[in-house]
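> Make a model of this:
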Amino acid sequence: MTDLDIKRVDGAAGDEELEAWRHVHNTIIPAHPLSLDDVRERAVRNHLELAYVDGVLVGNSTVRPPEGDHATATVIARVLAEHRRRGFGEQLYERAVRRARELGARAIETCVLASNEDGLRFALDHGFVETERYLLDGDTIPWIDLRLDGTAGPGRG
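So this is what the prediction gives:
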């Protein structure tokens, strides 16, 4: 498996890094495109990373820090379609979960746009279970919230 070159995208990131992160997000989630300002704001409150192989952008990740009584963090690993099934998603996912745990997460969740069949399959294959499907205002494609089975949550301690 090829190791990824990971670059952090934080509040000090330049437009080039923010635009690269935005490109991956908007390619995989075209129903909810983000502006550069949206990404800049997310880079301040979340842990964002870019993933490259031999200088080629292959994906990104998001860790939303733990919150609530159950210290629930959200992890999202995105890999561009042409780079899938090479282990890059696995590496991004493992890094994101490790980072969430370092931030104090006791429960791990993710969310997937229902049209992203590869992303949903990946989450289910990694032990996530569906907790909710919903449409945001104006949407026609549902979002799916999933929780890593066995992590703390309502009724789980």
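> In this protein, where is pLDDT below threshold?
Counting by pLDDT under 70, the chain has low-confidence residues at 1, 150-157.
> how about the helices of it, start to end?
15-28, 36-45, 88-102, 117-125 (DSSP state H).
> which residues sit against the last one?
Spelled out, that is helix 117-125. With contact meaning Cβ atoms under 8 Å, 6 or more residues apart in numbering, helix 117-125 is reached by 28, 77-78, 81, 84, 89, 93, 110, 112-114, 130, 144, 146. Using the backbone N, CA and C atoms, a C-beta is placed for each residue, glycine as well.
> Show me the strands paired with the lengthiest strand in the chain, marking each as parallel or antiparallel.
Taking DSSP state E as the criterion, the chain has its longest strand at strand 56-67. Note on strand 56-67: by DSSP bridges, its sheet partners are strand 47-53 (antiparallel), strand 72-79 (antiparallel).
> Go through those and name the closest to Thr62.
Among the strands paired with strand 56-67, the nearest to Thr62 by Cβ to Cβ is strand 72-79 (4.4 Å).
> quick one: that closest one to chain centroid distance?
Between the centre of strand 72-79 and the centre of its chain there are 3 Å (Cα atoms, centre = their mean, to the nearest Å).
> what sits up against stretch 25-38?
15, 18-19, 22, 39, 42, 60, 78, 80, 113, 115-116, 119, 136, 139, 141.
> buried subset of these?
18, 22, 39, 42, 60, 78, 80, 113, 116, 119 (16 or more other Cβ atoms under 10 Å).
> Alpha carbons only: can I get the longest strand of the chain in CSV?
These are the backbone C-alpha positions of strand 56-67, laid out as CSV (Å, rounded to 0.1, in the frame of the first residue of the first chain):
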residue,chain,number,x,y,z
VAL,A,56,-1.5,14.1,-6.9
LEU,A,57,-4.5,15.0,-4.8
VAL,A,58,-6.4,11.8,-3.9
GLY,A,59,-8.7,12.8,-1.1
ASN,A,60,-9.4,14.7,2.1
SER,A,61,-10.7,14.2,5.6
THR,A,62,-12.6,16.0,8.3
VAL,A,63,-12.7,15.4,12.0
ARG,A,64,-15.4,17.4,13.9
PRO,A,65,-14.2,17.6,17.5
PRO,A,66,-16.1,15.7,20.2
GLU,A,67,-19.1,17.4,21.6
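> Please consider this matter closed, and thank you.
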